[in-house]
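Chemist: got a sequence here, can you model it:
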Amino acid sequence: MSTRYDYSFDKVMREMDDCNLRFVDTSALKRFMGKCRIYPSDDLLIAVVRRLDIDADGRLSKCEFKDGIMPMENFTKNSVIQFKKVLDS
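Modeler: Presented below is the predicted three-dimensional model:
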């Protein structure tokens, strides 16, 4: 997803955090998945949040959410950064 030319993390965060609470929790994740016509179980939503939640507060801050969805491979990260530079210039 982050390798697409029109990707913007801020847009993703605004879409996920539709109530503007500045975090993503299981309720926000459930609403977003419902918009995509995907209806996961509550156990699955809790598992996703727990997997990405570093400080164990039951919700994902902007930084935790970004770290969770960004690719881990250096090649992919660098290619996205280089592509953004090309688009900006």
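
Chemist: contacts for stretch 13-30 next, please.
Modeler: The set of residues external to stretch 13-30 that reach it, using Cβ atoms under 8 Å, 6 or more residues apart in numbering, is 31-32, 40, 42, 45-46, 48-49, 58-62, 65-66. Every C-beta, even on glycine, is put in place using the N, C-alpha and C of the backbone.

Chemist: one more time with 7 Å, if that's ok
Modeler: Here stretch 13-30 makes contact (Cβ atoms under 7 Å, 6 or more residues apart in numbering) with Arg31, Phe32, Leu45, Ile46, Val48, Val49, Gly58, Arg59, Leu60, Ser61, Lys62, Phe65.

Chemist: where does the chain have low pLDDT?
Modeler: Low-confidence regions of the chain, defined here as pLDDT under 70, cover residues 1-3, 72-83, 89.

Chemist: please report how far Ile46 lies from Lys84.
Modeler: Ile46 sits 34 Å away from Lys84, going by Cβ to Cβ, to the nearest Å.

Chemist: distance check, Ala47 against Ser8.
Modeler: With distances defined as Cβ to Cβ, the gap from Ala47 to Ser8 amounts to 27 Å.

Chemist: show the buried residues in the contacts of stretch 13-30.
Modeler: For the contacts of stretch 13-30, a neighbour count by 16 or more other Cβ atoms under 10 Å gives the buried set as Phe32, Leu45, Ile46, Val48, Val49, Arg59, Leu60, Ser61, Phe65.

Chemist: Throw these into a markdown table and include secondary structure, thanks.
Modeler: Formatted as a markdown table, the entries for the buried ones among the contacts of stretch 13-30 read as follows, by DSSP: H, G, I helix; E, B strand; the rest coil:
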| residue | secondary structure |
| --- | --- |
| Phe32 | helix |
| Leu45 | helix |
| Ile46 | helix |
| Val48 | helix |
| Val49 | helix |
| Arg59 | coil |
| Leu60 | strand |
| Ser61 | coil |
| Phe65 | helix |
